[in-house]
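*Asks:* give the three-dimensional model of this entry:
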Amino acid sequence: MQIPRNYYQEDFSEFAEILAAEANNSITSYKPGEYLKPMGKIHSSIFYIIDGMAYLSLHTDEGKEKIVHFNGAGALTPLYKGTEAFTIELAVSIRASTHVKAYQLTLSQFKKIMDENPDLKDKMFSYTIRKICLLLYESVNQLYNNTITKTCNFLFLFFHNSKQDGKEIPLKLSQEKLSTAIGVSRVQATRVLRQLQEKGIVSVHRNNITLLDKKRLQELCSYELNDSDEEDD
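*Replies:* Numbers count the residues shown, from 1 in each chain. Next up is the predicted model:
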């Protein structure tokens, strides 16, 4: 049984050649902290991540930010939304967490590819359902779980799905940004990370969080994650 995902990678790698051809093999590069899509603008492009990691955030009028999910190599961001414009798009930003290389396609270009490739359309539908499941899960997580559980839930979901050569990749994120992803204050996030490091569950060093003991981390998660024994595919 599948669990929510806050990190997406390799979901669309089978379509990489098609997407590259439509983008004329033109690669756009972004430095850490640069915006692929700034807030205040309507989505006009879809990015296929070739290398690196980017994150999608929601912003409030008060200047608060909530990181929703991360996208690694082989992922598409944002979701294809058709030709309609939605006010929520103005509150969304997509930003590079590491150096990112991507193919950038217009919405019309992407629609053309989907129309010509039914498998891609089916994949995008499944991808959309996954994102909806994440939002539903996160709404309950934010309302009812305490700081320790929220932090462990976030870290477990990230490390459960972010792998390279069969190993979990480190989370490269400042503690300030980490707190916006978890939905707690920076002080609270720092305190929990210190506790997890003292227990030998994670290692924290200069905006890098490395997983040391996945089983013990999972034991501190909420029940719907703690009962998940199978690998998500």
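
*Asks:* quick check: the residue most central in space within the chain vs Phe154, distance?
*Replies:* Among the residues of the chain, the one closest to the centroid is Phe70, at 1.6 Å (C-alpha atoms, centre = their mean). To Phe154, Phe70 is 11 Å away according to C-beta to C-beta, to the nearest Å. C-beta: built from backbone N, CA, C; applies to glycine.

*Asks:* so what sits against both of the two?
*Replies:* Shared contacts of Phe70 and Phe154 (C-beta atoms under 8 Å, 6 or more residues apart in numbering): Asn6.

*Asks:* hang on, the residue nearest to the centre of the chain in a strand?
*Replies:* Yes - counting by DSSP: H, G, I helix; E, B strand; the rest coil, Phe70 is found in a strand.

*Asks:* how close does the residue located most distally from the centre of the chain get to Gly200?
*Replies:* In the chain, the residue that sits farthest from the middle, by C-alpha atoms, centre = their mean, is Glu116; the gap is 27.4 Å. As defined by C-beta to C-beta, Glu116 lies at a distance of 51 Å from Gly200.

*Asks:* what's around the spatially closest residue to Ser93 that is not a sequence neighbour, how many residues?
*Replies:* Nearest residue to Ser93, sequence neighbours excluded (C-beta to C-beta, 6 or more residues apart in numbering): Met39, at 4.3 Å. When neighbours are counted by other C-beta atoms under 10 Å, Met39 registers 16.

*Asks:* could you look up the SS state of Met39?
*Replies:* coil.

*Asks:* do you know how far it is from Ser162?
*Replies:* Applying C-beta to C-beta to Met39 and Ser162 gives a distance of 25 Å.

*Asks:* and if you look at Ile129?
*Replies:* Distance from Ile129 to Ser162, by C-beta to C-beta: 20 Å.

*Asks:* do the same with Ala20
*Replies:* 23 Å.

*Asks:* do the same with Val68
*Replies:* Distance from Val68 to Ser162, by C-beta to C-beta: 15 Å.

*Asks:* ok, Leu90 next?
*Replies:* The gap separating Leu90 from Ser162 is 29 Å, by C-beta to C-beta.

*Asks:* of the two, which one has the most company?
*Replies:* Ser162 (21 against 14).

*Asks:* state the pLDDT value of the more buried one.
*Replies:* For Ser162, the pLDDT comes out at 86.

*Asks:* what's the closest non-adjacent residue to it?
*Replies:* Distances taken as C-beta to C-beta, 6+ apart place Tyr7 nearest to Ser162, at 4.4 Å, with adjacent residues excluded.

*Asks:* pull the number of nearby residues for the one you found.
*Replies:* When counting by other C-beta under 10 Å, one arrives at 20 neighbours for Tyr7.

*Asks:* show me what it is bridged to.
*Replies:* Phe70 (DSSP bridges).

*Asks:* the lowest-mean-pLDDT helix or strand in the chain: what's the following helix or strand?
*Replies:* Every helix and strand in the chain was compared by mean pLDDT, DSSP states H and E; the lowest is strand 163-164, with a mean of 75. Next helix or strand after strand 163-164 toward the C-terminus (DSSP states H and E): strand 167-168.
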